[in-house]
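In: build me a model from this:
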Amino acid sequence: MEDIRRKPSEGGAAIDKVGVKNLSYPIVLLDKARRKQHTVARISMYVDLPREHRGTYMGRFVRILSRYHSEIDLHKVGAILRDMRKELEADSAHLEMEFPYFIEKTAPVSGVRGLMDYRCRVVAQLSDRFRLRLGVVVPVATVCPCSKEMVEAGAHNQRAEIAVTVEFRGFLWLEDLIDLVEDCGSSEVYSLLEREDEQHVTTRALENPAFVEDVVRKVARRLDEHPLVTGYEVAVESFESIHHHDAYAYICRVPNAGDSQKTGGGW
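Out: Numbers count the residues shown, from 1 in each chain. Here you go, the predicted model:
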């Protein structure tokens, strides 16, 4: 049959990314505590397309993914991208995965255990070099320092999220990235608490008021000091309880030239 995709394009423009988006797919990830964890990811896969070709082979993306679905982890991402470049005759390949990741978390006083889910993301690219970023959104609580200063008892507090994306050398566990930022707010958030835990968490939050500016700087300082992290983006959003707006702070640090060469990275 005639290959219509390889006919000349009418527009004549090269395309930076073309492929499949928001494919829901079961994957297996490395789990630090239990070796493996099954979850479902929303996956997007793209390649570039030269101006002389009308279209790409959409079915090949799914075929390549099916080859790896039972063993997708950070070690396999490079192989997936190489297969995409080869089989789709492309110069660059891109892979994005978003998925919930579950960690058992212990309450601070009673010791009861409950599963916490974290929104995680992997973004990878292969062209002249390989680039990999790992991201996670961590829920915390924040207490307003201004409110604490003005009110004799209590202060307004709210849920917040710390969104971190890092580029790194070597291997970085999701669990370790979460641990690094989870206590940077006024208090951590738990899925299950007894009464004595609620007292502890509420007291700790009131004793540790923090603006979003305080939180984002604390996270950035820890990432600056981490031996594996070569670049990062960190954003903190506080879902305000007494204002009709949210509070937001953001810091970006790109890898320096030396680290980019080590990781094959760069923002």
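In: touching, residue 250 and residue 237? I think so.
Out: No. Using CB atoms under 8 Å, residue 250 is not in contact with residue 237; the gap is 9.2 Å. In short, each C-beta sits where N, CA and C put it, glycine included.
In: so these two - more neighbours on which side?
Out: residue 237 (19 against 13; other CB atoms under 10 Å).
In: now do whatever helix or strand the more buried one lives in, average pLDDT.
Out: Using DSSP states H and E, residue 237 falls within strand 229-238. Strand 229-238 carries an average pLDDT of 96.
In: direction included, what does that strand pair against?
Out: Under the criterion DSSP bridges, strand 229-238 sits next to strand 157-168 (antiparallel), strand 247-253 (antiparallel) in its sheet.
In: looking at those strands, which is buried most?
Out: Among the strands paired with strand 229-238, ranked by average contacts under mean count of other CB atoms under 10 Å, first place goes to strand 157-168 (a mean of 21).
In: just to be sure, residue 177 is in a helix?
Out: Yes. Under DSSP: H, G, I helix; E, B strand; the rest coil, residue 177 falls within a helix.
In: for it, what are its contacts?
Out: 134, 136, 164, 166 (CB atoms under 8 Å, 6 or more residues apart in numbering).
In: which residue ranges form the strands in the stretch 1-150 of the chain?
Out: 15-31, 35-49, 93-106, 113-126, 130-143 (DSSP state E, counting those that start in this stretch).
In: just the buried positions in the fourth one, please.
Out: When burial is assessed from 16 or more other CB atoms under 10 Å, strand 113-126 yields the following buried residues: 116, 118, 120-126.
In: I'd like the contacts of residue 177 as CSV, with pLDDT and distance to residue 90 appended.
Out: Shown next, in CSV, are those (pLDDT from 0 to 100; distance: CB to CB, whole Å):
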residue, pLDDT, distance to residue 90
134, 95, 24
136, 97, 29
164, 98, 30
166, 97, 27
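In: what's the burial count for residue 170?
Out: Residue 170 has 8 neighbouring residues, counting by other CB under 10 Å.
In: leaving out chain neighbours, which residue sits closest to it?
Out: residue 228 (5.3 Å; CB to CB, 6 or more residues apart in numbering).
In: the one you found contacts residue 167, correct?
Out: No. At 9.8 Å, residue 228 does not count as touching residue 167 under the criterion of CB under 8 Å.
In: quick one: stretch 88-102 to chain centroid distance?
Out: Here stretch 88-102 is found 13 Å from its chain centre; the criterion is CA atoms, centre = their mean, to the nearest Å.
In: what of stretch 64-80?
Out: On CA atoms, centre = their mean, the centre of stretch 64-80 falls 18 Å from that of its chain.
In: how about stretch 110-117?
Out: Centroid separation between stretch 110-117 and its chain, computed with CA atoms, centre = their mean, is 22 Å.
In: how about low-confidence regions in the stretch 51-200 of the chain?
Out: Residues of the stretch 51-200 of the chain meeting the criterion pLDDT under 70: 70-73.
In: a markdown table for the contacts of residue 177, including distance to residue 26?
Out: Below are the contacts of residue 177 laid out as a markdown table (distance: CB to CB, whole Å):
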| residue | distance to residue 26 |
| --- | --- |
| 134 | 20 |
| 136 | 20 |
| 164 | 25 |
| 166 | 26 |
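In: nearest to residue 146, of those residues?
Out: Proximity of those to residue 146 (CB to CB) peaks at residue 164, which lies at 25.8 Å.
In: I figured that closest one was touching residue 133, is that so?
Out: No. If you go by CB under 8 Å, residue 164 and residue 133 don't touch, sitting 10.2 Å apart.
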